[in-house]
Structures are given as C-alpha cells and as structure tokens.
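> Got a sequence here, can you model it:
(chains A and B)
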Amino acid sequence: MKEMSFSKIVGVFVLLLASWSPLAVAFAETTLKIGMLSLRPEPPPVLSNLDPIPPDLVIAGAQLGVEENKTTGKFLGVNFELKVFSTDDITTALDIAKEAFQYSRFIVVDAPADLLIKIADLPEATKQLLINASSPDVHLRQENCRYNLLHTIPSNAMRADALMQFAAFRKWRDLALISGLHDKDIAFAEALKKSARKFGLKIVEEKIWAFDADMRRNASQEVPLFTQDLGEYDLLVVADELNDFGRYISYNTWLPRPVSGSEGLSPVAWSSVVEQWGAAQLQSRFLETAGREMFPEDYAAWAAVRTLGEAVIRTKKTDLEGVRSYIMSDQFKLAGFKGKSLNFRHWNGQMRQPMILATKRAVVAQTPLQGFLHQSDELDTLGIDEPESRCSTF
Amino acid sequence: MLRSIFERLALHSLIGFIFVLSGGLEVKADEMWITNEKDNSISVIDIDRLEVLRTIPTGKRPRGIIFAKDYSVVYICASDSDAVQVMDPETGDILHDLPSGDDPEQFILHPDNRHLFIANEDDAVATVVDVSSRQVVAQIDVGIEPEGMAVSPDGRIAITTSETTNMAHWIDTTNFQLFANTLVDARPRHAEFSPDGTELWVSAEIGGTITIFDVSTQSEKAKIKFDMPRVRDRLIQPVGFRFTDDASSVFVALGPSNHVAVVNAKTYEVEDYILVGRRTWHLAFSADQSLLFSTNGISGDVTVIDVADRKAIKTIKTGRFPWGAALRKTN
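Residues are numbered from 1 along each chain as shown, chains lettered A, B, ... in the order given. The predicted structure follows:
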C-alpha cells in the first residue's frame, strides 16, 4: 500500500510544484553530492576481541544522514548523493582524497589527525569543505586548525571537560590517572590533566600502563598491585583509547573506586543508551539500516551530512561559500537528539554539543551540568572557548 | 482564587459525603485523561476535585489520546504496541485495536468523527483509519518522524509535521494526497488550525519558534519567538499548544524551560509566562476553559493553571512521563 501510493504522491507533488508552489521557482531539481572519505588504518592489536570495530564505522552514520536528507529533499526538488571513497592503505590516501575532491566539494572525513592535516593542505583542497567525523585531537582545533576543516566529533578537550564537570559536581576532587602508551592515550591523558586544572580538581597520582601480559588471565592479580600505590583518590580516570587494557580495571582496583574515562563512565558524543529527546527514533533508524548500535563516530558523520543537508535545504544554495557561511552563521540550528540545538563555534569550526556521560547500561548525566555557567553559551563550558583559542584561520 | 479552591474542595467533599449517605448518586465531574508514556497507563483526573480518580492500564508507551466527539470511546496511541486502542471510558476496557501502522505517536479525529489521521513516527508515514469499518483507508508518505497532526475546522485539510524533515505536510482529505510541503524550524512537534481555519500554527521544538501560515496560500505569515528573562534560548522549546475557544489567546507548552507561554492570537505578542512542572509537553482545557492542564514529562505530574489569573494553582502527581491530555465531558 505504501509503495503503491508513493509514486503517485510524488507525481502529484511534482505537478503541483511545477504549477504553483513558490518553492519550485527558486528550487528546481538540485543535487548535492557528498563524499565520504574513509581512511582508517588497520588498528593495532588489543587484548580482547570482544568489541570488534565495525567495518562500516563512520560510513553507516553518513549513509543514514543522507537518507534523511533525501526524504526532506524529495519534497523540495533537492536530491542528495553519497559516495564512499575508502582505503586502509595509507600510502594511497592522498590520491583517494583527490579522487573524492573530483566528486564533490563537500567531504566527510574519517582519518587520523596527521593524515587529515595533509589532506586539508593539498592544493586541491582549498575549494573544499571537509568535516572531521572521527579525530578528537585538540591541535586540530587549535594551532593546526584549517579554514576548510570543520569538526562534528567532539574534541578530547570537550570529552575531558564533560567528565571533569561531573567529578567536580560530585565533589570527587582527587583523581588518579592511568594512561596507555598509544599516541591517542597520551593525547586524551593530556586533555584530562588540563581539564582537571580547569575545574579545580587534582590528579594525585599518574601511572603508565605498559604491561604486555594477557590481562584476561592476569587482571585480578595484576591490577590490585598496579593500583596499590596510587594513594588516596576519589575517581580513577583511564586513558585507553584503543580499548586495550581498560576493561580489566573495574572492580580490580586496590581501593574500591569508580572507573571513568575511556572505560566505565565515559564522556562521549553518542551512545546506544541515549533514549531521551527523541533519540530512541534515531537509534531505531540506525539499527534498522546498519544492523548494529550507533557509535560516536557514526553520530558525528550523521551530524556532518545532516548539517550539509540543512544548509542546502534552508539556503537553496549548493556553492561552497554559500553553504559554509550558512553553517557558520547564527541561523544554523541542527536538531541532534540531545535536547539542545547544535551549531558551530566560529573560532575553530567545532560543533557545539551536549556531551553524554554513559556507562554501557545508562546515561549517567548529560553535560554541561547545571551550575557551570558561561557568559554567552553553556555549551562553551565544554572544550576550547573563544578566549583560549589559538586558531587564527577562521 | 485559593479561597475559591478551598471552597470548591469543601463543597465537593460535603456533596460527596451527602451522596455517600444517600446511597451515592453523585453527578460526575468532567475528567482530564492523561497518558503516562513510561507507565503504560492513563491517569484520570477529576476536574472538580483536581485529584486522580483512577489509573487505567493501556498498551505500551501510550502517547496521543483523543475522545470521540460524543465521548462514547477514547482512542489511545499505544506506540510500542503498534496499535491505536479503542477504550470504553466508563469501564476502562479495551474494546478493540485499530490498525494504525507502526509506532503511532499522535493523531487527530476528523470532524466527520470517523477518520483518524495518525502519525507513524518510525515509518515516515501518516495513516488514515476509518474507525467504523476499522480499515486503513490511506497511507501517505511524509517526512521523517511525523508527529504533529491537525485537521482544519471544515475538515478539508489535514496536516502532519515531520520532526526530522522539519516540514508541515498538507494533505487534501478528499483524496489523501499531499498538496503542499512547507519548511518550518527544527523539530516541529505540534500543529493547530486557528478556530476560524484561516491560520495554521506549527511549533518547532529545537528551533524555538511557532510558525504561522496563511492557510489559503500555505505561505508563512508570521513567526513567534519566545524570549524569557534568565532562561537560555536553547531551553525554550515549544511543543504542544492550544487556542482558546474565543480565538483570543494561545497557550504554549515550552518544554524544558518549564513554562507555559500565553500568546495573543491577534497580535502574536507573547504576553505571559506561567511556571509549571519540568519539561512540559502537552496541554488541554477544562470544558469552560477556566482551567488548563499541562503534562510535565520529567517531573511526572500535571500542573493546573487558572486561565483567567494565568497562574499555576495545583500540581497533581500522575504516572511516569505524562505525555498527552484529553478532556472527557461527562454531562
């Protein structure tokens, strides 16, 4: 019944559009192409294979986003297309990127930070708009920011601030930090330390996890000893961005203390446990199309594609500056299923958004928490605020 | 006002007492029916006493609720049961389910008292059901997450708003075809025609606005923005709203700003903000429109507003996540 009526309705609608809808005049058949550039190197091995990284991570979010854009577009004579350009062979990454640039000016990117900068600095990239959907590195929003690069994935600074707000709110003032040795661990640990200072908390002890033993066998013996000399603290913070050792920490610490950070209570852009603010609908659409739960990177890619969709639908423009200037303007508001409208910081192109503090089972809190005030926008209590911005190309 | 409530309460307990003595032939008060989204139940509030009289079990995740024009049955969107349930309001028994399409969230009953227009939130479809034959008459493809439903007073136009597509879809009720699709601000939740049918109002939760359309041209006529002192714009999220019968005012539930706004329906000025419970969603008037009831999702209660005074006068605890509200006239 549904399918039969569909073509009829579109037919009637096109007729009506052509005859008298004011929208048709300004907006005859337009197509916005969006490229999805997936340059994800093979991840290093981890202790447990319990949570494999889905092969369509990030991509599935972009695909759902474009389907949603299409549904809106069909009522307005705007079409959307998404093409995926991907490789895990980083030596060919720049060529693949150039190929994507040929396809569209608007590219959602999943790539490590160093590669992302190289792509943004390609001579061909000056007439591109890139949206970073996976790299949380702070320097991409600071000294390494680029005019042609926006970010829908929250920075490590936003994640750290969300967690520290919660610790401060609970009056857990003394923290202990365990960090892995991967660059991503170190980057997140740096953000956590900076954020602890920002919110007046103290990291009383810090340790590097350098064990190479198999923790599925040894966790209960090793972790109590490893955490014995952390001293007195309220909350253990773990920087284990590859999900290597963090899962073995909880309940094995010398002192009975909650675990947070990459493990336990985690500050994330999105989680499958988010259900308020209409999120249940987004979750079920994603589950239906991708056949799995929605990760933060999927959410970021979805938000990137929806951002482009909103800009084109609202402005009726598809040129680079037209789209970019609307996205960066005060008019731009994206409904992101987190209870507040989302938009972009004009000083570094980072998407403002509430952060979720979640366990595997529930949303523990949504930040910014009440009481953390800001002179213009409470969402800017999370991450790099304008006065501390070192980005000069915006 | 407070005094009059006490008087009213005293009077009613006295009347109740007398009727208990005399064998109980009390004239029943009108009722406000509240769907509790996360309790799978309806709280029935006695409008004279402002108390919950009874709690009736429903299907899963009840949201939209509407009475037949003669109040003989009540229709309930049991979203997670994928059904519209038809209930006898006297007994609370489910008489039967109507085929509703998946995940019915909101609906509106056509003035013919026969066709229900249902928004199927998970399916990007609006379903039209004939309540007497219990058949689906039409399914109309609309935008993503259809929610708000309205029908014009003359019954010729039905509206669906789609939360993620951000549009009001205009449906010709004679052939169930779309004849216009108009963009509104982010996340439209609710739509209502003005009592004379010349205007369509659509609230946008994340956009924080109400867009007013001229029905004859489907073009935007005005946009209402809300500006509350000491409340951040992002928290001002208009959801449900209702016109007064005399078409002079519109009361608007403003979500997590925990206020109901009063808008002048002629000048479009916002005249007042009334403090209610947390994350207020939908509204319904008593029969004489002296009282307005707001469902407050987070605080799990209903706020009763004195319409003339524009003040909250009582909070009534309901089930978890009260969502919809509908008046049941009993006499």
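
> tell me the contacts of A:T152?
A:I131, A:N132, A:A133, A:A300, A:A301, A:A303, A:A304, A:T307, A:M351 (C-beta atoms under 8 Å, 6 or more residues apart in numbering or on different chains). Every C-beta, even on glycine, is put in place using the N, C-alpha and C of the backbone.

> With B:A68 instead?
Contacts of B:A68 by C-beta under 8 Å, 6+ apart are B:V74, B:Y75, B:L109, B:N113, B:V131.

> and what of B:I298?
B:P256, B:G277, B:R278, B:R279, B:F321.

> re earlier: which two of the contacts of B:A68 have the greatest separation?
Distance extremes for these: the farthest pair is B:V74 and B:N113 at 13.2 Å, using C-beta to C-beta.

> for the stretch 201-350 of chain A, what spans make up the strands?
A:202-208, A:235-239, A:259-261, A:266-268, A:334-335, A:341-344 (DSSP state E, counting those that start in this stretch).

> Distance of the nearest residue to B:E121 once chain neighbours are set aside relative to B:E37?
Residue nearest to B:E121 in three dimensions, not counting chain neighbours: B:E105, with 4.2 Å by C-beta to C-beta, 6 or more residues apart in numbering or on different chains. Distance, B:E105 to B:E37, using C-beta to C-beta, to the nearest Å: 10 Å.

> So which bits of the stretch 51-200 of chain A are right by chain B?
A:E68, A:T71, A:T72, A:F75, A:L76 (C-beta under 8 Å from any C-beta of the partner chain).

> Might you quantify the distance of whatever helix or strand the residue nearest to B:E121 lives in from its chain's geometric centre?
Using DSSP states H and E, B:E105 sits within strand B:104-109. Distance of strand B:104-109 from its chain centroid, counting by C-alpha atoms, centre = their mean, to the nearest Å, is 10 Å.

> so what does it touch, helix or strand wise?
Here strand B:104-109 touches strand B:62-67, strand B:74-78, strand B:83-87, strand B:115-120, strand B:146-151, going by 3 or more C-beta pairs under 8 Å, 6 or more residues apart in numbering or on different chains; DSSP states H and E.

> mind checking which of those is nearest chain A?
Nearest to chain A among these is strand B:146-151 (8.9 Å), distances taken as C-beta to the nearest C-beta.

> what's next to that closest one, contact-wise?
B:64, B:105-111, B:117-121, B:124-126, B:157-163, B:168-169, B:173, B:188-193, B:200, B:202-203.

> Mind checking which of these are buried?
Buried by 16 or more other C-beta atoms under 10 Å in any protein chain shown: B:64, B:105-110, B:117-121, B:124-126, B:157-163, B:168-169, B:173, B:188-193, B:200, B:202-203, out of the contacts of strand B:146-151.

> Which residues of the stretch 251-394 of chain A lie near chain B?
Counting by C-beta under 8 Å from any C-beta, the stretch 251-394 of chain A sits next to chain B at A:278, A:281, A:284-285, A:313-314, A:333-335, A:339-341, A:377-379.

> got any ranges where chain B has weak pLDDT?
B:1-26 (pLDDT under 70).

> In which helix or strand does A:E42 reside?
Applying DSSP H and E, one finds A:E42 in no helix or strand.

> try B:F293
Taking DSSP H and E as the definition, one finds B:F293 inside strand B:291-296.

> same for that strand, what does it pack against?
strand B:31-36, strand B:249-253, strand B:280-285, strand B:301-306, strand B:322-328.

> Verify the stated contact: B:S219 with B:L200.
No: the criterion here is C-beta atoms under 8 Å, and B:S219 misses it with B:L200 at 10.6 Å.

> any idea how far B:A308 is from B:L50?
16 Å.

> what do you get for A:R285?
A:R285 is 45 Å from B:A308, where distance means C-beta to C-beta.

> and those two? which has more neighbours close in?
Shown here are A:R285 and B:A308; by other C-beta atoms under 10 Å in any protein chain shown, A:R285 has more neighbours (20 against 10).

> do you know how far the closest residue in space to that one that isn't next to it in sequence is from B:H259?
Once flanking residues are discounted, A:R285 sits nearest to A:L64: 6.2 Å by C-beta to C-beta, 6+ apart. Using C-beta to C-beta, A:L64 is found at 34 Å from B:H259.

> Over to B:L50?
21 Å.
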